[in-house]
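Visitor: Pasting the sequence and the predicted model now:
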Amino acid sequence: MRGSRLLVSLMAVTACSSDRTDPGIPPDVPAELSSTTLDGAIALSWTDNSFTSDPSNFSNYRVYSTSYDLVADLCGSSWGLEGTTVAPEFVAGALANGTTRCFAVSAMSFLDASL
């Protein structure tokens, strides 16, 4: 099995609604994001605090990725959605071994999900 270096980061999303006078309450930022490198994939997991802190406000998690510049130690600016999940874990597949990537996870509220 080949390994690759991956940078994993967190990203928060603020809630919003069609009622512009009340932006809603954003879910907690997912905490303690960790990764396990697989052959052509990466398994991500994080603390489920976004759900457990307020289950009635939680809709789902969104997982994003972008390129990573190893020399500059910077994530790219073109983030793409890898997928969504209600579980505090996700496997991103079809990745090239030996290529570094940045990953981010956001928590969505029901107000976010309806937009």
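Guide: Here it is on my side, so go on. Residues are numbered from 1 along each chain as shown.
Visitor: gap between the residue nearest the centre of the chain and A72?
Guide: Taking C-alpha atoms, centre = their mean, the centroid of the chain lies closest to V105, which sits 1.4 Å from it. According to C-beta to C-beta, to the nearest Å, V105 and A72 sit 23 Å apart. To be clear about C-beta, it is placed using only N, CA and C from the backbone, and glycine gets the same treatment.
Visitor: again with V91
Guide: According to C-beta to C-beta, V91 and A72 sit 28 Å apart.
Visitor: Compare neighbour counts for these two and give me the winner.
Guide: V91 (15 against 7; other C-beta atoms under 10 Å).
Visitor: I'd assumed L38 was in contact with the more buried one.
Guide: Yes. At 7.5 Å, V91 and L38 qualify as touching, with contact defined as C-beta atoms under 8 Å.
Visitor: How many residues are close by D39?
Guide: D39: 11 neighbours (other C-beta under 10 Å).
Visitor: How about G93?
Guide: Using other C-beta under 10 Å, G93 has 12 neighbouring residues.
Visitor: Please apply the same query to the one 4 residues further on.
Guide: Using other C-beta under 10 Å, the number of residues around N97 comes to 13.
Visitor: Surely it forms part of a helix?
Guide: No. N97 is assigned coil when assessed by DSSP: H, G, I helix; E, B strand; the rest coil, not a helix.
Visitor: Please tell me how far it sits from V91.
Guide: Distance, N97 to V91, by C-beta to C-beta: 15 Å.
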